[in-house]
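1. sharing a model that was predicted from the sequence below.
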Amino acid sequence: MSSTVFIVCLMLAGLGGAVLIVLLTGSNAEEKPHCGAFALLPVTEDSPSERAFLEYYASQIMWMDADILQCVILVCTPESEELCQEMTRNYTCYRMMALQEVQEHIAAQFREKYGKSG
């Protein structure tokens, strides 16, 4: 009886050790390359409903996996510039750009990735 208990305990210890090894080596796995995931969000007005939407959207982005979405670029107009500045200050997931800056940013990323002029 005691030898059976000893064998069962030894098997459980081995199984626990195997699980521990998998958990510890899983965190040292090869990291995925940085993809620079971002989204563009046009902000055309400075209204309470637009502000509420941006705050809700930021709360959803904050818990999201960084490989899915790292940054949301708020494409602002002169009417929405103040709201975009405030959202950028309050939430790290937001970045503010004018339409021309967005076009330059995308062209630069295209050139970096594909090595061609855009």
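-> Looks like it arrived, so ask away.
2. lowest-scoring secondary structure element of this structure by mean pLDDT?
-> helix 2-26 (a mean of 62; mean pLDDT, DSSP states H and E).
3. how about N90: what's its closest non-neighbour residue?
-> Spatially, and ignoring its direct neighbours in sequence, N90 is nearest to A58 (7.8 Å; CB to CB, 6 or more residues apart in numbering). Using the backbone N, CA and C atoms, a C-beta is placed for each residue, glycine as well.
4. looking at it, the one you found is touching Y91, isn't it?
-> Yes: at 4.2 Å, A58 counts as touching Y91 under the criterion of CB atoms under 8 Å.
5. quick one, helices of the chain?
-> Secondary structure of the chain (DSSP state H): helices at 2-26, 48-63, 81-90, 99-114.
6. show me what the second one is packed against.
-> Secondary-structure packing of helix 48-63 (3 or more CB pairs under 8 Å, 6 or more residues apart in numbering; DSSP states H and E): strand 38-43, strand 71-76, helix 81-90.
7. next, count neighbours for Q100.
-> 8 (other CB atoms under 10 Å).
8. might you report the residue contacts of the residue nearest to N90?
-> Taking CB atoms under 8 Å, 6 or more residues apart in numbering, we find A58 in contact with 72, 87, 90-91, 93-94.
9. state the pLDDT value of it.
-> We have a pLDDT of 89 for A58.
10. got it, and E50?
-> Looking at E50, the pLDDT reads 93.
11. ok, the one 4 residues further on next?
-> If you check L54, the pLDDT there is 93.
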